[in-house]
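[1] from the sequence below, what's the structure:
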Amino acid sequence: MQNLKLKLKQLTNKVCANVFVVILASAFLFSSPVNAQSYSSNFADPSGNFTASAPSGGCIAPTLNDPSNVADADLNNYLSITGLLNAPLTCTSPLYSIRAKLNFPQGTTFAPAGYSAGFRVQFSSVLSLSVLQSNITLRTYLAGSPRETVNGATLLNLSLLSGGGIVPLYFTATQTFDEVELIINSAVLPLNVGVDYRVYSAFGSIDVLPVSFGNVNAKIQSGSLYVDWNTQSEDNNDKFIVQASNNGQTWTDLGTVVSKATNGKSGGDLKYSFSMPWTGTLMAGFGLLGLLLVPALRNRWFKAAMVLVAVLMIASCAKERDGFGDLQNEDNGGKPLYIRVAQVDRDGKVSYSQAVIAKR
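    Predicted coordinates for the structure are as follows:
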């Protein structure tokens, strides 16, 4: 009897491994620590994690809209500066200031020196590079005190703003920091041109981000989770890992998608998608399969053995999928489901997209 139980357990483990290999492979393959780490201003509750101000004092400047979007968990959200100027502004304070804290995991309180500090931004129209260099500044903070201030002349990727895409604008910090501020002088606003300047989120990263993410979208529909995203550029990229969380802090790997970029490098838009069952239908399939097989069996002892196999298999598989089960159970309880995409380059370093809430 003991041997039978052992064999049944071995059979169960083998079946579960085969059925869930796609889902579990990423968890085993990428569970080891990585040297690279990126932090972002992606909070489930942005309250108290950002400040923003517009030019003031005797002038009417283009409007600063939705400032909390620079610190929320949705990549599709952004702070915008929109409007039309017919004459140069004469303001007492001519600056737009957008400042956001970085969201650190438990046990981490700041980004070390040597990390890139910046914001993901998108400008609909720009003046000359020299004007940008003179009127855009990044500043870091630690515990509320200023650390470093770097103007546009030495900011990396500043010239890419003319392309109209989402640009990681940054510098390499020489001191620790936990907040990043973007300062835009209203002198960069062109006359008689409607502007739409967007600021998505702040980041602190060990390296220059190898992938420029576009939008990430996620939805739960007809018992499945669907995730779509696009990249605007890739460099040395290997693959993506789709991750889920119910609190925006602890993440579970769901599956892997290989980069479409030739040799990991691309300068154009690439689209990706990922899907998986999200209502426990895989588990239900095992039970249904067992019930369908039993009537076809004539030997009652063999029937009993098959039922035992099915029960053990479901229990074992449920145990193997505890992480997914917890996510699904809490999701069914009405909690938001956060999705993000981890990017893994060919050296094993990891960076992350902004997190989004799965739509229903």
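
[2] when you work out contacts or count neighbours from here on, use the C-alpha atoms and nothing else.
    Will do.

[3] what separates residue 64 from residue 180, distance-wise?
    18 Å (CA to CA, to the nearest Å).

[4] neighbour count for these two, which is higher?
    residue 180 (29 against 20; other CA atoms under 10 Å).

[5] helices or strands next to the helix or strand that one falls within in the packing?
    Using DSSP states H and E, residue 180 sits within strand 179-185. Contacts defined by 3 or more CA pairs under 8 Å, 6 or more residues apart in numbering; DSSP states H and E place strand 179-185 against strand 95-101, strand 116-123, strand 136-142, strand 195-205.

[6] how far away from the center of its chain is that strand?
    Distance, stretch centre to chain centre, for strand 179-185: 22 Å (CA atoms, centre = their mean, to the nearest Å).

[7] what average pLDDT does that strand get?
    Mean pLDDT, strand 179-185: 97.

[8] in its sheet, what does that strand sit against?
    Sheet pairing of strand 179-185 (DSSP bridges) gives strand 95-101 (antiparallel), strand 136-142 (antiparallel).

[9] tell me which residues are up against that strand.
    94-102, 117-119, 135-142, 144, 202-203 (CA atoms under 8 Å, 6 or more residues apart in numbering).

[10] again, 6 Å this time
    Residues from elsewhere that reach strand 179-185, judged by CA atoms under 6 Å, 6 or more residues apart in numbering: 94-102, 135-141.

[11] and if you look at stretch 62-73?
    Outside stretch 62-73, the residues that reach it (CA under 6 Å, 6+ apart) are 41-44, 46, 77-83, 200-201, 355-356.

[12] so which of these sit within strands?
    79-83, 200-201, 356 (DSSP state E).

[13] and the residues you listed, which two are furthest apart?
    83 and 356 (27.7 Å; CA to CA).

[14] give me the more crowded residue out of these two.
    Under the criterion of other CA under 10 Å, the comparison of residue 83 against residue 356 puts residue 356 first, with 28 against 16.

[15] quick check: beta-bridge partners of that one?
    In beta-bridge terms (that is, DSSP bridges), residue 356 pairs with residue 339.

[16] what does the model give it for pLDDT?
    Residue 356 is given a pLDDT of 84.

[17] what about residue 107, how many residues nearby?
    By other CA under 10 Å, the residues close to residue 107 number 6.

[18] repeat for residue 50
    Residue 50 - counted by other CA under 10 Å - has 22 other residues nearby.

[19] what of residue 128?
    10.

[20] what does the one 5 residues further on give?
    Counted with other CA under 10 Å, residues neighbouring residue 133 total 17.

[21] ok, now residue 124?
    Number of residues near residue 124 (other CA under 10 Å) recorded here: 16.

[22] got it, and residue 262?
    Neighbours around residue 262, by other CA under 10 Å: 12.

[23] next, give phi and psi for it.
    Main-chain dihedrals, residue 262, degrees, to the nearest 10: phi -70, psi 120.

[24] quick one: it from residue 87, how far?
    47 Å.

[25] same deal with residue 356?
    From residue 356 to residue 87 the distance is 39 Å (CA to CA).

[26] tell me how far stretch 232-249 lies from the chain's centre.
    When distances are taken as CA atoms, centre = their mean, stretch 232-249 is centred 6 Å away from the chain's centroid.

[27] what does stretch 39-48 give?
    12 Å.

[28] also stretch 248-265?
    With CA atoms, centre = their mean, you get 10 Å for stretch 248-265.

[29] wait, which of the strands paired with strand 179-185 is closest to residue 172?
    Minimum separation from residue 172 across these (CA to CA) falls at strand 136-142, 10.7 Å.

[30] so that closest one versus strand 116-123, what angle?
    Between strand 136-142 and strand 116-123, the angle comes out at 140 degrees (axes from the mean of the first three to the mean of the last three CA atoms, to 10 degrees).

[31] who's in contact with strand 136-142?
    Contacts for strand 136-142 (CA under 6 Å, 6+ apart): 146-152, 177-184.
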